[in-house]
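Here's a sequence, model it:
(one chain, ligands or ions: 3)
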Amino acid sequence: MDEKDMGSDLKSVLITKQEIDDKLAELAARIDADYAGRDLLIVGVLKGAVMVMADLARALSHPVKMDWMAVSSYGSGTKSSGVVRILKDLDTDIAGKDVLVVEDIIDSGLTLSWLLTNLGSRGPASIAVCTLLRKPEAAKVAIDVKYVGFDIPNEFVVGYGLDYAEKYRNLPFVGTLAPHVYGG
Ligand code: 5GP
Ligand code: MG
Ligand code: MG
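Ligands and ions are numbered 1, 2, ... in the order given. The predicted structure follows:
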């Protein structure tokens with residue numbers, strides 16, 4: 001990855017790596033306490049939640065199991081299509097299990113609300129949600145998100161797992177894109 005190109009593509013750093021690390025440590029401590037003495041399956045929603053899953057899982061003292069789902073709700077643009085497809089289902093039967101869904105970002109909440117209905121129909125003992133980022137629009141949807149990292153402004157963000165046309169996922173921080181990148 002060319003750092004100079006990358007630099008000119010970015011408008012600003014919204015959340016630093018240190019801020020992410022500190023927040024995940026905080027969330028992990030709450031999760032450890034809340035699930036003490038219980039088995040926990042954390043479910044990462046691919047691909048965006050890869051970084052959050054990896055860092056959150058390592059910040060937990062709790063021995064968790066990990067599984068992954070891939071759903072699609074966005075094309076390569078910056079607007080939600082509202083259409084959700086399962087691209088990869090869980091390997092695990094979640095009936096009777098305590099499940100924590102780990103998300104990178106909740107924007108409209110459409111994806112998550114669909115996912116929770118889908119997973120809920122499989123008879124888990126409990127489902128809770130942890131997301132690194134949440135945008136204001138999400139507040140309009142009746143989803144109970146127990147663990148929220150950061151409430152952020154209504155801007156398109158990239159990095160730390162989040163992409164624009166599959167790029168920028170490997171930035172160690174969360175940043176905003178310069179308008180010229182997405183034709184603004
Ligand atoms: P929602 O269904 O909540 O509107 O959107 C959920 C998905 O849309 C996220 O998992 C993510 O893939 C994508 N998304 C929403 N907002 C952003 C954003 O600001 N930046 C990026 N890169 N993806 C986003
Ligand atoms: Mg996601
Ligand atoms: Mg994306």
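
which SS state does residue 63 fall under?
Classification of residue 63 by DSSP: H, G, I helix; E, B strand; the rest coil places it in coil.

did I read that right, residue 145 in a strand?
No. Secondary structure of residue 145 (three-state DSSP): coil, not part of a strand.

Chain neighbours aside, what residue packs nearest to it?
Distance criterion Cβ to Cβ, 6 or more residues apart in numbering; nearest residue to residue 145, sequence neighbours excluded, is residue 129 at 4.7 Å. For the C-beta atoms, the positions are set from N, CA and C on the backbone; glycine is no exception.

quick check, that neighbour in a helix?
No. Residue 129 is assigned strand when assessed by three-state DSSP, not a helix.

Can you tell me the centre-most residue of the protein?
Centrality entry for the chain: nearest residue to the mean C-alpha point is residue 104, 1.6 Å, by Cα atoms, centre = their mean.

In terms of helices and strands, where is it?
Following DSSP states H and E, the helix or strand that holds residue 104 is strand 98-106.

Residue 24 now?
Per DSSP H and E: residue 24 is located in helix 17-34.

now for that helix, which elements pack on it?
Packing contacts for helix 17-34, counted by 3 or more Cβ pairs under 8 Å, 6 or more residues apart in numbering; DSSP states H and E, involve helix 50-59, strand 126-134, strand 147-151.

coming back round to it: does anything pack onto the strand holding residue 104? Which helices or strands?
Partner elements for strand 98-106 (3+ Cβ pairs under 8 Å, 6+ apart): strand 41-46, helix 50-59, helix 110-120, strand 126-134.

returning to that earlier point: how about the residue nearest to the centre of the chain: what's its closest non-neighbour residue?
Going by Cβ to Cβ, 6+ apart, residue 104 has residue 48 as its nearest residue, at 3.4 Å.

doesn't that neighbour fall inside a helix?
No. Using three-state DSSP, the assignment for residue 48 is coil, not a helix.

ok, it - how many residues close by?
Using other Cβ atoms under 10 Å, residue 48 is surrounded by 21 other residues.

Equivalent analysis for residue 126, please.
Counted with other Cβ under 10 Å, the neighbours of residue 126 add up to 12.

ok, it - contacts?
Counting by Cβ atoms under 8 Å, 6 or more residues apart in numbering, residue 126 touches 98, 99.
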